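**Q** what's the 3D shape of this:
(one chain, ligands or ions: 1)
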Amino acid sequence: MSKHPIGIFDSGVGGTSIWKEIHQLLPYENTIYLADSANAPYGIKSKQTIIDLSVKNTQFLLEKNSKLIVVACNTATTNAIDYLRQTFDVPFIGIEPAIKPAALQTKTQTVGILATKGTLSSSLFSKTSTLFASNIKVVEQIGDGIVELIEQGKLYSNEMVSLLKLYLKPMLDANIDYLVLGCTHYRYLMPLLLDLLPKHVKIIDSGEAVARQTKAVLEQHQLLNSLKVKAQLHFFTNGNPEVMESLLENNYKVDFLNF
Ligand code: DGL
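**A** From the prediction side, this is the model:
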């Protein structure tokens with residue numbers, strides 16, 4: 001069982017940013033990544049649709065013998081992970097916006113969060129916000145259109161820069177000193193954000209924490225792969241493999257899947 005792969009899914013290519021963290025921390029673990037790009041973005045869909053798609057993705061990864069599933073999508077985690085945990089008998093790791101560290105560290109008592117509508121309107125997010133950020137100001141911003149542009153391979157485009165300027169303005173006007181990235185796609189915006197944000201605004205995301213949690217849960221279940229041989233890494237998408245290959249770099253091959 002420990003040689004079985006870690007299954008990872010996202011609504012698209014964004015979760016590859018989480019896969020990179022996992023692979024860096026656990027280089028001998030076999031992995032299967034599924035991008036449901038044909039159905040992206042999840043962030044504008046109903047909770048029930050997000051649950052249905054997450055179940056379908058999980059079933060695919062379990063058919064491939066995944067020993068643990070990483071839901072590398074904030075939208076799917078905040079809307080569907082409870083259901084997944086109740087339904088399938090395998091450990092799940094999710095990702096949520098890192099509002100807590102931002103709230104603990106802010107000096108201006110104001111933080112910004114960029115995420116999808118589905119994440120910001122979820123009850124899990126509002127619970128976390130109330131718990132950790134009720135004494136500070138949180139400027140929430142829906143990142144409409146960002147996921148679509150990344151899925152179309154238009155990461156470094158004028159359209160993207162215009163959208164980001166528009167979304168950052170209310171946050172900067174409110175004097176944020178932390179920006180929380182609440183969507184795994186947004187990790188790829190880092191070079192653009194570093195360019196657009198004043199130096200004192202720090203960016204927080206949860207990718208590394210997810211990798212550490214994945215390792216801890218594998219240890220806890222005695223599922224870490226003891227074989228120290230080159231890992232088998234499989235990537236599947238029902239969208240455009242070339243977009244994913246360009247984000248993955250290192251000449252990884254992505255297979256198209258009619259899914
Ligand atoms: N990567 C997903 C997330 O973390 C994108 C959501 C979407 O498809 O709208 O939320």
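**Q** for the chain, list the residue farthest from the centre, please.
**A** The C-alpha centroid of the chain is most remote from L227, which lies 28.0 Å away (CA atoms, centre = their mean).
**Q** quick check: the gap between it and the ligand.
**A** Applying CB to the nearest ligand atom, to the nearest Å, the value for L227 to the ligand is 31 Å. Where C-beta positions appear, they are placed from N, C-alpha and C, glycine not excepted.
**Q** could I get the average pLDDT for stretch 18-25?
**A** Mean per-residue pLDDT for stretch 18-25: 98.
**Q** so the residue farthest from the centre of the chain sits against N30, correct?
**A** No - using CB atoms under 8 Å, L227 makes no contact with N30, being 9.3 Å away.
**Q** joint contacts of those two?
**A** Both L227 and N30 are in contact with K3, where contact means CB atoms under 8 Å, 6 or more residues apart in numbering.
**Q** rewinding a little: would you say the residue farthest from the centre of the chain is within a strand?
**A** No - L227: not assigned to a strand; according to DSSP: H, G, I helix; E, B strand; the rest coil it is coil.
**Q** residues contacting it?
**A** K3, Y28 are the contacts of L227 under CB under 8 Å, 6+ apart.
**Q** and it, what pLDDT?
**A** 91.
**Q** same deal with T128?
**A** pLDDT recorded at T128 is 95.
**Q** stretch 142-154 vs the ligand: in contact?
**A** Yes - judged by CB under 6 Å from any ligand atom, stretch 142-154 comes into contact with the ligand at V147.
**Q** now that stretch, how far from the chain's geometric center?
**A** Chain-centre distance of stretch 142-154: 14 Å, with CA atoms, centre = their mean, to the nearest Å.
**Q** any idea how far apart the tips of it sit?
**A** End-to-end span of stretch 142-154 (CA to CA, to the nearest Å): 19 Å.
**Q** what comes up buried for it?
**A** Under the neighbour-count criterion of 16 or more other CB atoms under 10 Å, stretch 142-154 has I142, G143, I146, V147, E148, L149, I150, E151 buried.
**Q** for stretch 240-254, same thing?
**A** Under the neighbour-count criterion of 16+ other CB under 10 Å, stretch 240-254 has N240, P241, V243, M244, E245, L247, L248, V254 buried.
**Q** ramachandran angles for the residue farthest from the centre of the chain?
**A** phi -80, psi 120 (degrees, to the nearest 10).
**Q** how far away is it from N250?
**A** Taking CB to CB, to the nearest Å as the criterion, L227 is separated from N250 by 22 Å.
**Q** and the residue nearest the centre of the chain?
**A** Geometric middle of the chain (CA atoms, centre = their mean) lands on T184, at 2.8 Å.
**Q** where's the closest residue to that residue other than its chain neighbours relative to N175, distance?
**A** Spatial nearest neighbour of T184, excluding adjacent residues (CB to CB, 6 or more residues apart in numbering): G14 at 3.8 Å. Going from G14 to N175 by CB to CB gives 28 Å.
**Q** now for T108: which residues touch it?
**A** Shown in contact with T108 (CB under 8 Å, 6+ apart): N175, I176, D177.
**Q** my guess is the first one contacts T110. True?
**A** Yes - using CB under 8 Å as the test, N175 is close enough to T110 to be in contact (5.4 Å).
**Q** more neighbours: those two, which one.
**A** Using other CB atoms under 10 Å, the more surrounded residue of N175 and T110 is T110, with 17 against 14.
**Q** tally of neighbours for the residue nearest to the more buried one when sequence neighbours are not counted?
**A** The shortest distance from T110 to any non-neighbouring residue, by CB to CB, 6+ apart, is to K137 (4.4 Å). K137 has 14 neighbours, counted by other CB under 10 Å.
**Q** got the contact list for L181?
**A** Contact analysis of L181 by CB under 8 Å, 6+ apart lists P97, L114, A115, R187, L189, I203, I204, D205.
**Q** so which one among these has the lowest pLDDT?
**A** Within the contacts of L181, D205 has the lowest pLDDT, namely 92.
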